[in-house]
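Undergrad: Below are the sequence and a predicted model for it; my questions follow.
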Amino acid sequence: MSLAVIKTGGKQYLVKEGDKISVEKLKGEAGDAISFDTLLITDDIGAKIEVGQPLLKTKVEGKIVKQAVGDKITVVKYKAKTRYNKFVGHRQLSTTVEIVKI
């Protein structure tokens, strides 16, 4: 079993085969295959490490499990003594991905 560090949505994730991670929205439907840019691959004990400069040529492969919408959050802007207040709601889109192959 090996570990990898992948990059997607401006963030980095440490994954291994079989992991399910929730990332920012990706194009595709449930069941579609997807590949990620790989920054680092290592084995369990850390004896063998491949580091990209900045990326490795090998890609980590995953499968989209579902597309979802997160909980609603309320954003409030308020300025005292000026009668200014603004309320905005937001629901973040996310994709759940299962890592198939490293």
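TA: Noted; the coordinates are in hand. Residues are numbered from 1 along each chain as shown.

Undergrad: What helix or strand is the nearest residue to residue 78 once chain neighbours are set aside located in?
TA: Distances taken as C-beta to C-beta, 6 or more residues apart in numbering place residue 85 nearest to residue 78, at 4.6 Å, with adjacent residues excluded. From N, CA and C alone the C-beta is placed, and that goes for glycine too. Following DSSP states H and E, one finds residue 85 within strand 84-101.

Undergrad: Please identify the buried residues of that strand?
TA: Across strand 84-101, burial judged by 16 or more other C-beta atoms under 10 Å covers 94-95, 97, 99.

Undergrad: who does it pair up with?
TA: Strands adjacent to strand 84-101 in the sheet, as given by DSSP bridges, are strand 20-24 (antiparallel), strand 60-79 (antiparallel).

Undergrad: Point out the one among the ones you listed that comes closest to residue 35.
TA: strand 60-79 (5.3 Å; C-beta to C-beta).

Undergrad: Quick check: buried residues in the closest one?
TA: Here strand 60-79 shows 60, 62-64 as buried, counting by 16+ other C-beta under 10 Å.

Undergrad: same thing with stretch 44-60?
TA: Quick answer for stretch 44-60 (16+ other C-beta under 10 Å): 56, 59-60.
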